[in-house]
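Trainee: everything below, folded, please.
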Amino acid sequence: MNLPYLLAITGASGAVYATRLLEVLTSAGHDVHLTISQSARLVLKQELDVSVDLNDFHASSFLLDADTGSLDQGLDTTRTLAGVSTEDSSVLPIGTRPPGSIVYHHFEDLMAGPASGSFLTAGMIICPCSGGTLSAVVHGASGNLIQRAAQVHLKERRPLILVPRETPLSLGQLDNMRRACELGAVVLPAAPGWYHGVHSLRDLVDFIVARILDQLRVPHSLMRRWGSDSIDD
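Mentor: Residues are numbered from 1 along each chain as shown. Next comes the predicted model:
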C-alpha cells in the first residue's frame, strides 16, 4: 500500500521549501495531503506572490503553471545568486512518473482524516515550521488540524519532520527543539549546505528538500552527495 504524505505549511519564512517539496513528491508519484495555516497564507503571498483561498482551495491556483506543474514562484522573484541565473541549475529533476494527487484539508477542520490515528500516512512534514507551531507540538496543543496531526504522528510513532527557519534562536526555541527530538520528531532546520556545487537559488532550496526526502526514505536525484562525483551515486 502506497501511503500518502501529509504536508503542513505554517507561517515561518521559507514557503518556497514547501512548494518545491510538494512539486517533487507529487511529480514522483506520491499522494500528498496538504494543509495551510492562516499565517502561511500571508507568507505565501508575501514571499511568492501566490494567493491562496483557504476556504475554496484549488491546487491549480497553488501552481505557477497548471499545465506543467511548475512551482518556481519564489525562484522567479529573485533571479540570481552571485550573478548566476536560477535557470542554470545543475540539479537534475527526478524521474517522470504519473503524478500523485493533492488532497487539501482546511487547517481548522478537526474532523479531517489526518486528525485521527486511524488515518494512515507515510509521514508528516511541517515546512516551514513556525516557532508557535513548534511550541504547540512539543507541549501537546491541538488547537488546529496541523497541531493535532502532529500529535497523532508522535503518538503513533510515525515520521514527523519539523523544518524551522529562523535565526537567531531563543533559549525557548532551542529547548522546544530539544524536546521535539526527545518526543521522536526530526528537527531539520532550513540551513542549506554549500558543498554540493551551488550554482543557483534552486540548488540551495533543493538541498533542504533533499534532506527531507532522505528522512522520508524517498529516492531522489536532487543534489550531489558528499564524496560522490555524480548526483545519482
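Trainee: who does the longest helix seen in the chain touch, helix- and strand-wise?
Mentor: Identified as the longest helix of the chain according to DSSP state H is helix 201-216. If contacts are counted by 3 or more C-beta pairs under 8 Å, 6 or more residues apart in numbering; DSSP states H and E, helix 201-216 sits against helix 15-27, helix 73-77, strand 80-81, strand 123-129, strand 160-164. Glycine gets a C-beta too; all of them are placed from N, C-alpha and C.
Trainee: deepest of these, which one?
Mentor: Neighbour counts (mean count of other C-beta atoms under 10 Å) averaged over each of the helices and strands packed on helix 201-216 peak at strand 123-129, with a mean of 27.
Trainee: which other residues reach that strand?
Mentor: 5-10, 12-15, 17-18, 21, 114, 133, 137, 146, 149-150, 153, 158-165, 190, 212, 215-216 (C-beta atoms under 8 Å, 6 or more residues apart in numbering).
Trainee: after it, which helix or strand is next?
Mentor: Scanning forward in sequence from strand 123-129 by DSSP states H and E, the next helix or strand is helix 131-138.
Trainee: quick check: angle from that next one to strand 160-164?
Mentor: Put simply, helix 131-138 runs at 150 degrees to strand 160-164, going by axes from the mean of the first three to the mean of the last three C-alpha atoms, to 10 degrees.
Trainee: what average pLDDT does helix 131-138 get?
Mentor: Helix 131-138 shows a mean pLDDT of 98.
Trainee: need the contact partners of it.
Mentor: With C-beta under 8 Å, 6+ apart as the test, helix 131-138 has contacts from 8, 10-12, 37, 126, 141-143, 146-147, 150-151, 154, 160, 162, 164, 166, 172-173, 176-177, 179-180, 183, 185.
Trainee: could you do stretch 155-168 as well?
Mentor: For stretch 155-168, contacts defined as C-beta under 8 Å, 6+ apart pick out 12-14, 17, 117, 121-131, 134, 137, 150, 152-154, 173, 177, 180, 184-190, 208, 212, 215-216.
Trainee: can I get that stretch in CSV, CA atoms only?
Mentor: Provided in CSV are the C-alpha atoms of stretch 155-168 (Å, rounded to 0.1, in the frame of the first residue of the first chain):
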residue,chain,number,x,y,z
LYS,A,155,1.7,9.1,19.4
GLU,A,156,1.6,6.6,16.5
ARG,A,157,5.4,6.7,16.2
ARG,A,158,5.2,7.8,12.6
PRO,A,159,7.8,10.1,11.0
LEU,A,160,7.3,13.8,11.9
ILE,A,161,9.8,16.2,10.3
LEU,A,162,9.9,19.8,11.5
VAL,A,163,11.6,22.4,9.4
PRO,A,164,12.2,25.6,11.4
ARG,A,165,13.5,28.7,9.6
GLU,A,166,14.5,31.4,12.0
THR,A,167,17.7,33.0,13.3
PRO,A,168,18.9,33.7,15.9
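Trainee: of the helices and strands packed on helix 201-216, which is nearest Ser101?
Mentor: Of all these, helix 15-27 sits nearest to Ser101, with 7.4 Å by C-beta to C-beta.
Trainee: just how off-centre is that closest one within its chain?
Mentor: 6 Å (C-alpha atoms, centre = their mean, to the nearest Å).
Trainee: picking up where we left off before, just the buried residues out of the contacts of stretch 155-168, in PyMOL syntax.
Mentor: Entered in PyMOL, the line below selects the buried ones among the contacts of stretch 155-168, by 16 or more other C-beta atoms under 10 Å:
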select buried, resi 12+14+17+121+122+123+124+125+126+127+128+129+130+131+134+137+150+152+153+154+177+180+185+186+187+188+189+190+208+212+216
